[in-house]
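[1] Sequence and predicted structure, then a few things I'm wondering about:
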Amino acid sequence: MNVTAKIVANLTDQGRLKAISTVCLNGEFLITGVRIVDCEKGLGVFMPSRKTKNEEYRDICFPITPELHQIIKETVLEAYQNQPEQADEAE
């Protein structure tokens with residue numbers, strides 16, 4: 001499966017939330033709102049979720065196989081780590 005990711009919002013000054021990504025699967029299916037969060041064990045990748053009536057969060061979409069989950073995680077983190085430096089950080 002061809003998985004690509006693009007960072008659409010860099011939020012390094014927003015606490016634990018570091019960025020928002022869009023993921024494309026096989027050039028045919030787009031997932032928006034994938035979050036990159038600074039967790040205790042390092043950066044984590046979380047699929048889009050929605051709050052339920054019970055104040056719990058449920059994923060809207062998610063990979064079914066562990067293999068696809070790993071590919072998405074690696075692709076999103078690679079896009080985050082390889083994004084161009086911000087212009088204001090270079091000065």
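    Sure, I can see it.
[2] Tell me where the chain has strands.
    For the chain, the strands defined by DSSP state E occupy 3-14, 17-25, 29-39, 42-46, 49-51, 57-59.
[3] Show the end-to-end separation of stretch 33-47, please.
    Taking CA to CA, to the nearest Å, the first and last residues of stretch 33-47 lie 7 Å apart.
[4] Centre of the chain to that stretch, how far?
    7 Å (CA atoms, centre = their mean, to the nearest Å).
[5] ok, now stretch 70-83?
    Distance of stretch 70-83 from the chain centroid (CA atoms, centre = their mean) equals 8 Å.
[6] wait, what's in contact with the closest residue to residue 26 other than its chain neighbours?
    Leaving aside its sequence neighbours, residue 26 sits nearest to residue 2 (CB to CB, 6 or more residues apart in numbering; 5.2 Å). The C-beta positions use only the backbone N, C-alpha and C, and glycine is treated the same way. By CB atoms under 8 Å, 6 or more residues apart in numbering, residue 2 lies in contact with 25, 26, 27.
[7] Apart from its chain neighbours, what residue comes closest to the last one?
    Of all residues not flanking residue 27 in the chain, residue 2 sits nearest, at 6.5 Å (CB to CB, 6+ apart).
[8] what about the one you found, distance to residue 24?
    8 Å (CB to CB, to the nearest Å).
[9] if I look at the two, which residues touch both of them?
    Counting by CB under 8 Å, 6+ apart, nothing touches both residue 2 and residue 24.
[10] circling back: what separation is there between the residue nearest to residue 27 and residue 32?
    According to CB to CB, residue 2 and residue 32 sit 18 Å apart.
[11] cool, residue 24 as well?
    For residue 24, the distance to residue 32 - CB to CB - is 10 Å.
[12] who's more crowded, the two?
    Each of residue 24 and residue 32 has its neighbours counted (other CB atoms under 10 Å); residue 24 has more, 16 against 13.
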